[in-house]
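In: only geometry, no sequence info:
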C-alpha cells in the first residue's frame, strides 16, 4: 500500500558528482539545490511530481587560531655547544648612543592653575582609573603607580637607601609569636593621622583593607603581596590604634614585612558600603561553598568593586583630591594637615637611618646619601600627558613642566641635547628592572622548554643593543637587575651570549632537533658563507614533534611612539624567527592597548613588555607562580612548574636576608634555564629636570628620580620637591 508514504527517487549520479566535487582539490561551484522526483498517491491515483530540495550544507568546523597546550613540556639537556661561551663577559653598564633629535608632535598644554606653587610633571601615558582596586589589579601599570595619589601604609622604605621604617606605625613591628596555633603580632599606630575629610585614620581602616583583599581574593597585581591568603588569615582592630595581624601559616619577610605591613590603607567609611554591595554574590553562597562557585562569585564581586568610579574618596597621603581629564592631565592638591609634614630624616649608603621623631636604625658611616625634610612644599602636582617623550622634552625646554617621568629613560640624543641648557640638569642612574619577551605556555609550542630555549638563542641581544641601537641599551640575561646588588646572581646560564649568527642558527637547530622538531620538506635553515655569510631561510615551517606545523603566532609589543627600543627588538625577533621557520607576526601598539590584551584577555603567543621591580625579589615568585597564572594575574604567560612552586615557596617563608638570598639565587638559576621569559635588555635611567625651577633632596638613586615618584617612600618624592 502506497498511501501516505513517500518514495523518493534521487539521482545517484547527481549526488555522487556533488560528493566528488566537494572532495576535489580544485575550486568548484557548490551545488546548493537538486531536483528529485517523488511517486505519491493523490486522490486515489499514483502521480509522479518533481520537487526542489535545498541541500543542507555541512557544518563549518571552526578551527582555533592557536593550538592549545596540554601541560608543560620539560627541559632536556642542552647540547654541549650551548655551554661553550659561558666565559664571555656580559655588558653590564649602559653606554647610551646618540640618536636623532626629532619631535613627533606639539605637546598638549597643562591646564591653567590658580595661585600657589605647582610642581609640573610631564608624562606620555595616562592613568587608567582612579579606582585603587582597579588600578592595582587588572590595570596594574607603572603609570598608575607614578601618578595616582600615594596611599599610606604602616611601614615603608626610606628614599634612596630603601631601609624598612615606620610610617603610620608608631614603632618597629614586634616579632611574630605563636598564639592558639596561629602566628600573630600587634602593631601600635600613630594617633595623629587623619583623612582628608578630617576623620582619624585608625586600626579599623587597616583591618578593613586587608580583610577586603582576602574576601574578594583580589587577583594578581600587587594584592597578593599585600594580603596573601596562603598565610594571612585576618586582621583585627584591637582598639582604635592597635591592629593585630593573624597568620594561619608563619610568613617570611616577603609576606610579612615586605608584604602585609606595607599594604595600602583605604578609608573604611567610604569603601565599606561599596564593598558590601559588590560582595553580595559571595555572601549569598553562605558557609563552606563549593570551590568553583566561590571562585565565580569572587570574580563577579571583583568586577563590581573595580567598576566603581570614586567620587569624594577620603585620602590621607601628602596629596589628595585628584582631578582627572582623560588623555590630558591629572591634578592633585596638597593635604594641608599631612601628618608627616616637618619630619626631617637622614639616610646613609649602608642603610642607617635617623629621623626627627626619634627613630633610628643602623650605624651611620660617612656622609648621608639623603638629608631632607618632608613637605609637601607645593600646593598642587599636575601630570600633563604628552604624545611622546620628544614632545614632553620640548615642554621641559620651554618651562611648561619641571620634570619628565620616563620608565624607559630618555633617549641619549635628547638627553645630550639638554646638557647645554643652563636651566636644566641631566642625571644618570642604574636601574632596577628589565624589558623581556614572554611566552604563552597555554599554547603550543610555547609550552615546550626546548622551543623557548631555541628562541632565546636566536635573539642576538648584543647585535640589537650595540649595532642597531648604537649602545642605547645593554643586553640583559638575569632576572634580577645588577643594580640590585645584594640579590643579583650573575652565575646563571646566558643562552646565546657571545654567539655569532652562524653559531646561533646551529645551536637552535640542535636544541630543537634534540627535542624531535623537524622542518617541512626537511628544509631547515642553514648558514651560507657566500656574500659575507648569511642565514639561508628554512624552506618551510618548523614542525613540532607530533608532526603538526607551528601555527601562525602573534607577538604584541610597544609601538615606536611609546618605546622605539622594544619595537626595534620586536621587528628583529620577528625577522629571525620567520627565517628559522617560525611564523611570527609582531603587533605594535600603544602601552594601554597592550596591557589588557596580555593580562585581562591573555590573547597572545608571545609578548614584549617590561617590569620595574621592588628591592626584595618577591617578583621571582610572583611573575611565575601558579596562583598568579589567572586572568589579571602577573603570570600572564601561564608558566607552571611544580619544582618551581616548591622552590619558590621558600621565598615566602624565609626569615633572614641570608636564607632568602640562597633561595633567590636558586630561583634565578632555574628561571634562566627554563626560560619562561627571554630577558632582553635595559638601559641606564637618563633623566633631566628643570633645576632653575625645582630642587630635589637627592639625585643619585637606583632607578632615578622616577622611582621615588613611583613607590611613594615616605610620601613620594613629590612630597619633598621644592619649587623655587
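Out: Received the coordinates, thanks. Computed from a predicted model, the values in this text were never measured in an experiment.
In: in space, what's closest to residue 515 - neighbours in sequence excluded?
Out: Excluding the flanking residues, the one nearest residue 515 by C-beta to C-beta, 6 or more residues apart in numbering is residue 450, at 3.6 Å. (Each C-beta comes from the backbone N, C-alpha and C, glycine too.)
In: likewise for residue 135?
Out: residue 144 (4.2 Å).
In: contacting residues for the one you found?
Out: Shown in contact with residue 144 (C-beta atoms under 8 Å, 6 or more residues apart in numbering): 127-129, 135-136.
In: show the buried residues in those.
Out: Listed as buried from those are 127-129, 135-136; burial here means 16 or more other C-beta atoms under 10 Å.
In: give me the subset of those lying in strands.
Out: If you go by DSSP state E, the buried ones among the contacts of residue 144 have nothing in strands.
In: most widely separated two among those?
Out: Across the buried ones among the contacts of residue 144, the longest distance by C-beta to C-beta is 11.7 Å; it joins 127 and 136.
In: my read: residue 703 touches residue 433, true?
Out: Yes. Here residue 703 lies in contact with residue 433, judged by C-beta atoms under 8 Å, at a distance of 6.8 Å.
In: so what sits against both of these two?
Out: Common neighbours of residue 703 and residue 433 (criterion: C-beta under 8 Å, 6+ apart): residue 612.
In: give me the number of residues near residue 551?
Out: 17 (other C-beta atoms under 10 Å).
In: from residue 584, how far out is it?
Out: As judged by C-beta to C-beta, to the nearest Å, residue 551 and residue 584 stand 10 Å apart.
In: returning to what we had before: redo the contacts of residue 144 as TSV? Include pLDDT and distance to residue 470.
Out: Listed next are the contacts of residue 144 as TSV, based on pLDDT from 0 to 100; distance: C-beta to C-beta, whole Å:
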residue	pLDDT	distance to residue 470
127	95	33
128	94	34
129	95	38
135	93	37
136	90	37
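In: residues in contact with the nearest residue to residue 427 once chain neighbours are set aside?
Out: Distances taken as C-beta to C-beta, 6+ apart place residue 699 nearest to residue 427, at 4.9 Å, with adjacent residues excluded. Contact analysis of residue 699 by C-beta under 8 Å, 6+ apart lists 425, 427, 705.
In: repeat for residue 243
Out: Neighbouring residues of residue 243 by C-beta under 8 Å, 6+ apart: 154, 186-187, 189, 203, 206-207, 235-237.
In: just for this structure, where's the confidence low?
Out: Counting by pLDDT under 70, the chain contains low-confidence ranges at 1-65, 82-115, 220-221.
In: show me it divided up by domain.
Out: Annotated domains of the chain cover 7-54, 67-92+432-682, 93-150+317-340+375-430+689-724, 153-307 [automatic domain parsing].
In: of all those domains, which one is nearest residue 348?
Out: Among these, the nearest to residue 348 by C-beta to C-beta is domain 153-307 (6.7 Å).
In: ok so, going back, okay, and the residue nearest to residue 515 sits in which element?
Out: Using DSSP states H and E, residue 450 sits within helix 449-458.
In: what's the first helix or strand after that helix?
Out: Next along the chain from helix 449-458, counting by DSSP H and E, comes helix 461-462.
In: and the contacts of that following helix?
Out: With contact meaning C-beta under 8 Å, 6+ apart, helix 461-462 is reached by 91, 475-477, 496-498, 680-681.
In: which secondary structure elements does the helix or strand following that helix contact?
Out: Per DSSP H and E, the first helix or strand lying C-terminal to helix 461-462 is strand 474-475. With contacts defined as 3 or more C-beta pairs under 8 Å, 6 or more residues apart in numbering; DSSP states H and E, strand 474-475 has these neighbours: strand 677-682.
In: figure out how far the strand it packs on is from the centre of its chain.
Out: Centroid separation for strand 677-682 versus its chain: 13 Å, with C-alpha atoms, centre = their mean, to the nearest Å.
In: let me know the angle separating that strand from helix 449-458.
Out: Comparing the axes of strand 677-682 and helix 449-458 via axes from the mean of the first three to the mean of the last three C-alpha atoms, to 10 degrees yields an angle of 20 degrees.
In: after strand 677-682, next one along is what?
Out: Beyond strand 677-682 toward the C-terminal end (DSSP H and E), the next one is strand 685-689.
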